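Participant: With the sequence up front, the predicted model follows.
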Amino acid sequence: METEKLESTLWVGNKRYRAVLNGWHFKWTEVDKNNRDKNTISVPVSEVVGVEEGRVEILPQKSVEDTDKDFTVFYVKRCRSGGTYGLLWRLGRTQFSCPSRVLKDQWITNLRTSVKTHSPRRPHRLLVFINPFGGKKKGRKIYHSLVAPLFELAGISSHVIVTERANQARDHLLKKDLIGFDGVVCVGGDGMFSEILHGLIGRAQQEAGICENDPSVTLQPSSLHIGIIPAGSTDCVCYATVGVIDPVTSALHIVVGDSQPLDVCAVHQASAPLRYSVSLLGYGFYGDVLAESEKHRWMGPLRYDFSGTMVYLCNRSYAGIVQYIPADPVLSSPRDRTRCLSGCSVCSRSTERLIHHSPDSGSSSRSHYSHFNGDSADEWVSVEGRFRCVSLTCMSCACPRSPLGLSPSAHLADGTGDLILVWDTNPLGFLKYLYRHTSAQDQFDLPFVEVHRVKAVRFSVPSSKEEEDYEETGEPSSAISEAETGYVESASRSGSQMHLTEKRSGREMTDKQKTPDSFLCGLCCSKSSAVSVWNCDGEILPITEVFCRIHGQLLHLYARGIEDQALHGCSVENEATSYIN
Ligand SMILES: CCCCCCCCCCCCC/C=C/[C@@H](O)[C@H](COP(=O)(O)O)NC(=O)CCCCC
Ligand SMILES: Nc1ncnc2c1ncn2[C@@H]1O[C@H](COP(=O)(O)OP(=O)(O)O)[C@@H](O)[C@H]1O
Ligand SMILES: [Ca+2]
């Protein structure tokens, strides 16, 4: 737009600059005494956070020196962070002096207009939920000292709710008036994010008159974006969508109005309410770790390391039948060694596919997905045996514990999930599998591990297992000991591949029958069970049988995916954790 263009001499300290605003970019180039150009700094106007009169400072505290020929521009500055794959965003600030007051007013007006024109998706009003008990219990401090000043600078007004109980945020989003809000901010961990996800998706279905419990309907995306300020224990959704766990970086992505679509897995259970998952839906090891960790919440984030060790020592595996509908292998593969980065072409192609193929009304139009006992049997692949863990994830699940994640080549918004089957193996083999999550070694290159890119999954327990479990205890995951150890061969992939699996019945064990493994279970968990539970983004689902369907791009986050470090020249900085300790 012509009116936004501006070019003049400006001063920064005692150095003279030629400053140019051309609509999309604001650049300033140092000019030496002989009028030769030196360094140029170029900022896309979409990354300008605010333009203020005078000489202004925001962090750590706001200060304003009201000089009439000066203005201050705040913008996004990138830094590399030690040990992570993404880029840290910091608030850059330059104080300019103009030759006249008129020119200063012109710069301020043109810069502000340019931001409005070229960055139209910025939020103006946000609903903020803070979980004061998430992670290291620093949610409130993180929000008020690091995030709120940035929102204020960007002219965002926020309504803040510090939760007083679990599910308060979900219930608020399901029932209260949300008119006027552009988005919802979650200050907490993956469990808190899950509450907000349930609230917003539920609300969108209510408003569209869609029955979300029907696995065959196409769900309606929520119109509100979600911003995540990481303040939890795992913070996997933040790490996998931004590349760093850093409140300032996340707040700046919210301020500039970034938009990252996200796949969501709907988890249908026969006799329990529908759940949604975006990070990990895990049975076996990850279910057991979560169940164990709930007893040690007082340990904070360390509870997962402690419980992970205990559950590993218990050396458990579980019988299961896994069925899945494979995704189109031509589009991508979980073993193609690519990574879903900002501007990912696989996800962009999926956007076109999803937009063109989604039914226009979005209401209860039928898709080819079947119900629990459904049809379209020819598409389903079935495997059966004993598993250390069965994991389904719509994204890489990268987190500080596992910087590349459970499935490093998974895509955030391609409408598929990755199903990881870890068959029963010896303790050393399983340790090798777990250990590979902490490095760049391929965790799928192990004989007892399979990974499939899928659209839907069913999981059940061979019928005798569950019946015996229920008969003895009245509930699926209670204290049933394991006995009668033998070996049977169970067919996988319709008999094309055979897996040697252990056969166990659900009868009480005598002391004589107890193996060293179950002795350990007696020590750490006081119970052992024939069935595990599901870990659904950090929430325990105490059932075994589930039907899962991936809904492509059902949510939008204020994020842009992990930025490729190679594409951005930036300094190295190790301050990811230096703000709040
Ligand atoms: C010998 C070294 C073993 C290291 C194993 C590392 C494997 C880590 C994979 C972690 C995947 C995490 C997926 C995210 C799950 C979260 O939804 C869930 C809840 O998070 P929050 O609400 O923030 O508490 N977190 C977990 O289930 C923790 C799993 C930790 C397993 C060790
Ligand atoms: N005020 C509260 N009191 C107790 N639990 C809460 C509160 N607010 C939220 N929760 C619940 O706490 C759980 C864990 O929250 P989260 O922020 O993910 O922390 P963490 O990552 O440490 O598990 C979530 O499932 C959420 O429902
Ligand atoms: Ca996906």
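Facilitator: Yep, it's here. Numbering: from 1, shown residues only. Ligands and ions are numbered 1, 2, ... in the order given.
Participant: Not including adjacent chain positions, what is the nearest residue to the residue in the stretch 51-200 of the chain positioned nearest to ligand 1?
Facilitator: Nearest residue of the stretch 51-200 of the chain to ligand 1, counting by Cβ to the nearest ligand atom: residue 189, 3.0 Å away. Every residue, glycine included, has its C-beta placed from N, CA and C. Spatially, and ignoring its direct neighbours in sequence, residue 189 is nearest to residue 232 (1.4 Å; Cβ to Cβ, 6 or more residues apart in numbering).
Participant: quick one, helices of the stretch 201-350 of the chain?
Facilitator: Counting by DSSP state H, counting those that start in this stretch, the stretch 201-350 of the chain has helices at residues 236-242, 247-255, 285-294, 302-314, 345-357.
Participant: how about CSV for those, with mean pLDDT, mean neighbour count and distance to ligand 3 added?
Facilitator: Supplementary listing: the helices of the stretch 201-350 of the chain in CSV, determined by pLDDT from 0 to 100; neighbours: other Cβ atoms under 10 Å; distance: least, Cβ to the ion, whole Å:
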stretch, mean pLDDT, mean neighbour count, distance to ligand 3
helix 236-242, 97, 30, 10
helix 247-255, 98, 26, 20
helix 285-294, 96, 23, 18
helix 302-314, 95, 18, 24
helix 345-357, 81, 15, 8
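Participant: need the ones you listed in CSV with distance to ligand 1, can you?
Facilitator: Below are the helices of the stretch 201-350 of the chain laid out as CSV (distance: least, Cβ to the nearest ligand atom, whole Å):
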stretch, distance to ligand 1
helix 236-242, 4
helix 247-255, 14
helix 285-294, 5
helix 302-314, 4
helix 345-357, 20
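Participant: Get me the contact residues on the stretch 301-450 of the chain for ligand 3.
Facilitator: Within the stretch 301-450 of the chain, the positions adjacent to ligand 3 are 394, 411, 414, 416 by Cβ under 5 Å from the ion.
Participant: Wait, the third one touches residue 345, no?
Facilitator: No. Applying Cβ atoms under 8 Å as the test, residue 414 and residue 345 come out as separate, 10.2 Å apart.
Participant: residue contacts, residue 538?
Facilitator: Contacts here follow Cβ atoms under 8 Å, 6 or more residues apart in numbering; on that basis residue 538 touches 189-191, 194, 234, 290.
Participant: mind listing which of these are in strands?
Facilitator: Among the contacts of residue 538, no member falls in strands (DSSP state E).
Participant: Show me what from the chain comes close to ligand 2.
Facilitator: 131-135, 163-167, 188-192, 195, 232-234, 538 (Cβ under 6 Å from any ligand atom).
Participant: Can I get the buried part of those as one PyMOL selection?
Facilitator: Of those, the buried ones go into a single PyMOL selection, burial set by 16 or more other Cβ atoms under 10 Å:
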select buried, resi 131+132+133+134+135+163+188+189+190+191+192+195+232+233+234+538
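Participant: Now the residue of the stretch 51-200 of the chain closest to ligand 1. Its backbone dihedrals?
Facilitator: Per-residue torsions, residue 189: phi -110, psi -160 (degrees, to the nearest 10).
Participant: Where does confidence bottom out across the contacts of residue 538?
Facilitator: Minimum pLDDT for those is recorded at residue 234 (91).
Participant: can I assume that one is in contact with residue 399?
Facilitator: Yes. Between residue 234 and residue 399 there is a contact under Cβ under 8 Å: 5.2 Å.
Participant: still on that earlier bit, what residues does the residue nearest to residue 189 make contact with?
Facilitator: Residue 232 neighbours (Cβ under 8 Å, 6+ apart): 131, 134-135, 188-193, 301.
Participant: Any regions of the stretch 251-400 of the chain where pLDDT drops low?
Facilitator: For the stretch 251-400 of the chain, the stretches with pLDDT under 70 are 356-378.
Participant: What of the chain?
Facilitator: In the chain (pLDDT under 70), the answer is 1-3, 83-84, 356-378, 464-528, 569-581.
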